[in-house]
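Asker: Coordinates only, no sequence provided:
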């Protein structure tokens, strides 16, 4: 009886201490967004690799190749050429406070209201609204996270809709996820392919 009670206490402590966001993850996604001019829905697909804190590799593989890589010091945004043989375009800058990596960083706080955002949880959704100051830093107004069922674990996310300050929305459908991966720091450093125009 005493052993069972100790086990229960340890289990409860682990459940309370466990972060919503895993230390590392890789997710395959399908993305939907509306164009600002004609309002057409565009679709793309790719993958996200993330390591806490502030390390992300966001790759769109279809229909056009686009890569965004960021660590705590530098960020790279690469657009592959539309025509083979033409140069690709790479923008390099120091990492700021905005972006998807910063968004994932604060999710360590979990699905409860805190100094960064307010949360409304329903049966299979969690609505996140960032406080005004942080929303301006992040350039994201809020997010709607939908889960596969009423188990609100990060690994159980079905899709995530981000609403930016200018009103446009991006919906990410998570198709396959792996967490707790060993990730080399080289993943979060971009090496420009040959024949690339670099803007710094």
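Answerer: Everything's here; your move. Just so it is clear, the structure is predicted and the values come from calculations on it, not from any experiment.

Asker: Low-confidence stretches in the chain?
Answerer: 1-18, 36-38 (pLDDT under 70).

Asker: what about 90?
Answerer: Within the chain, the segments meeting pLDDT under 90 span 1-19, 32-42, 82-85, 96-100, 200.

Asker: residue boundaries of the helices in it?
Answerer: 2-17, 100-106, 132-138 (DSSP state H).

Asker: End to end on stretch 125-143, go ahead and measure it.
Answerer: One end of stretch 125-143 to the other measures 10 Å (Cα to Cα, to the nearest Å).

Asker: my guess is residue 47 meets residue 26, correct?
Answerer: Yes. Residue 47 is within contact range of residue 26, at 6.4 Å (criterion: Cβ atoms under 8 Å). In this view, the C-beta of every residue, glycine as well, is placed from N, C-alpha and C.

Asker: Name whatever forms a beta bridge with residue 75.
Answerer: Beta bridges link residue 75 to residue 70, residue 93, judged by DSSP bridges.

Asker: Any idea how many residues pack against it?
Answerer: 22 (other Cβ atoms under 10 Å).

Asker: How about residue 58?
Answerer: Quick note: residue 58 (other Cβ under 10 Å) scores 19 neighbours.

Asker: what does residue 191 give?
Answerer: So residue 191, with other Cβ under 10 Å, has 9 neighbours.

Asker: same check, this time on the one 3 residues further on
Answerer: Using other Cβ under 10 Å, residue 194 is surrounded by 6 other residues.

Asker: With residue 93 instead?
Answerer: 12.

Asker: Against residue 131, how distant is it?
Answerer: Between residue 93 and residue 131 the distance is 26 Å, computed by Cβ to Cβ, to the nearest Å.

Asker: and if you look at residue 33?
Answerer: 25 Å.

Asker: Residue 80 contacts residue 63, correct?
Answerer: No. Counting by Cβ under 8 Å, residue 80 does not reach residue 63; the two are 11.2 Å apart.

Asker: which one of those two has more residues nearby?
Answerer: More neighbours surround residue 80 than the other of residue 80 and residue 63, with 18 against 9 (other Cβ under 10 Å).

Asker: can you pull the contacts of the more buried one?
Answerer: Contacts here follow Cβ atoms under 8 Å, 6 or more residues apart in numbering; on that basis residue 80 touches 64, 65, 66, 67, 88.

Asker: In strands, which of these appear?
Answerer: Those of the contacts of residue 80 mapping onto strands are 66, 67, 88, per DSSP state E.

Asker: For ChimeraX, what selects the buried ones among the residues you listed?
Answerer: Buried residues among the ones in strands among the contacts of residue 80 (16 or more other Cβ atoms under 10 Å), as a ChimeraX selection:
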select :67,88
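
Asker: could you dump the ones in strands among the contacts of residue 80 to JSON lines with distance to residue 108?
Answerer: As requested, the ones in strands among the contacts of residue 80 are exported to JSON lines (distance: Cβ to Cβ, whole Å):
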{"residue": "66", "distance to residue 108": "27"}
{"residue": "67", "distance to residue 108": "25"}
{"residue": "88", "distance to residue 108": "34"}
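
Asker: Thanks a lot, see you next time.
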